[in-house]
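*Asks:* Model the following, please.
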Amino acid sequence: QVQLVESGGDSVQPGGSLRLSCAASGNIRRINAMGWYRQAPGKQRELVAAITSDGAANYADFVKNRFTVSRDNAKNTVYLQMNSLKPEDTAVYYCNANIVQVGWVLGRDYWGQGTQVTVSS
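*Replies:* Predicted coordinates:
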């Protein structure tokens with residue numbers, strides 16, 4: 001079994017910063033891409049940022065130059081540093097990872113349980 005556990009969600013004022021973490025654990029052979037999605041009330045889940053196993057990152061236009069995704073492969077952990085937060089960043093943030101389990105060849109996507117980020121004055 002594989003599990004993703006997120007942490008770091010909180011309530012902050014506009015202009016503030018937060019750092020989200022997501023640690024993968026379990027029967028892991030290899031982790032391919034990891035990333036963050038978010039879902040605001042009444043809206044569809046959307047990609048925020050993703051990072052490959054060798055560190056190549058891509059971002060949604062609405063977070064470029066504000067958010068930074070990184071990962072620590074030794075810890076099976078992905079991070080999302082969020083700066084200059086805006087009220088429209090309010091959402092539940094979900095971690096996603098494509099993980100190959102021990103004994104398997106192909107990976108499958110796993111999701112964390114979500115962590116709430118609220119930006120409000």
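
*Asks:* Give me the residue at the spatial middle of the protein.
*Replies:* Closest to where the C-alpha atoms of the chain average out (CA atoms, centre = their mean) is residue 36, at 2.8 Å.

*Asks:* In a helix, that residue, correct?
*Replies:* No - assessed with DSSP: H, G, I helix; E, B strand; the rest coil, residue 36 is strand; it does not lie in a helix.

*Asks:* Next, the contact list for it, please.
*Replies:* Neighbour list for residue 36: 20, 22, 47-50, 69, 78, 80, 93-96 [criterion: CB atoms under 8 Å, 6 or more residues apart in numbering]. For the C-beta atoms, the positions are set from N, CA and C on the backbone; glycine is no exception.

*Asks:* residues contacting residue 100?
*Replies:* 28-32, 106-107.

*Asks:* my bad, should have said residue 59
*Replies:* Residue 59 neighbours (CB under 8 Å, 6+ apart): 48-49, 67, 69.

*Asks:* among these, which ones are buried?
*Replies:* Buried members of the contacts of residue 59, counted by 16 or more other CB atoms under 10 Å: 48-49, 67, 69.

*Asks:* could you dump the contacts of residue 100 to JSON lines with neighbour count?
*Replies:* Shown next, in JSON lines, are the contacts of residue 100 (neighbours: other CB atoms under 10 Å):
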{"residue": "28", "neighbour count": "16"}
{"residue": "29", "neighbour count": "12"}
{"residue": "30", "neighbour count": "13"}
{"residue": "31", "neighbour count": "20"}
{"residue": "32", "neighbour count": "14"}
{"residue": "106", "neighbour count": "8"}
{"residue": "107", "neighbour count": "16"}
